[in-house]
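Asks: based on what follows, work out the 3D shape:
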Amino acid sequence: MQKSSITKLYGRGPNSEFARRLGLTIRIHRLAAGLTQTQLGFPLTKAFVSQVECGRTLPSLPALSLMADRLGISMGRLLDEVNGGLPRVYTPADEKQYQTTGRSR
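Replies: Numbering: from 1, shown residues only. Okay, the predicted model is just below:
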């Protein structure tokens, strides 16, 4: 299966820093909530939740929504926690350059 252009360009696929941070953030919230991987993911498998927590796979939006709901937090808050330590992909400086030259870096 080919990677999407977003995954190729921005390194947000499985085994990326983003995937590892997302998995760690989910694990921290799961443990704080006192949930098992099975409880967090049902009807998804424990193996799938484990793969997400290890950063080996990224959950789909519906799966991420399910997990966030079970953790009692919004997907937005979850992703904000993950993205807080990552470099921005598109910055205001990029926008200024785009407006000046008509193309991005």
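Asks: which SS class is residue 65?
Replies: Assigned by DSSP: H, G, I helix; E, B strand; the rest coil, the conformation of residue 65 is helix.
Asks: just residue 56 next, same as before
Replies: coil.
Asks: and the helix ranked longest in the chain, average pLDDT?
Replies: Longest helix in the chain, counting residues (DSSP state H): helix 17-33. The pLDDT scores in helix 17-33 average 94.
Asks: residues in contact with it?
Replies: By CB atoms under 8 Å, 6 or more residues apart in numbering, the surrounding residues in contact with helix 17-33 are 11-13, 37, 40, 49, 52-58, 67, 70-73, 78-79, 81-82, 85-86. C-beta here means a position set from N, CA and C on the backbone, and glycine is covered the same way.
Asks: which of those fall in helices?
Replies: Reading helices off the contacts of helix 17-33 with DSSP H, I get 37, 40, 49, 52, 53, 67, 70, 71, 78, 79, 81, 82.
Asks: can you tell me which residues contact the fifth one?
Replies: Okay, so that is residue 53. Here residue 53 is in contact with 23, 24, 26, 27, 30, 37 (CB under 8 Å, 6+ apart).
Asks: how near is it to residue 40?
Replies: 9 Å (CB to CB, to the nearest Å).
Asks: and what of the fourth one?
Replies: Here the distance between residue 52 and residue 40 works out to 9 Å (CB to CB).
Asks: hang on, residue 52 packs against residue 46?
Replies: No: the pair residue 52 / residue 46 is not scored as a contact, 10.8 Å apart, by CB atoms under 8 Å.
Asks: the two - which one has more neighbours?
Replies: Neighbour totals were compared for residue 52 and residue 46, and residue 52 leads with 25 against 14 (other CB atoms under 10 Å).
Asks: got any residues that touch both of residue 52 and residue 40?
Replies: 26, 67.
Asks: alright, calling it a day.
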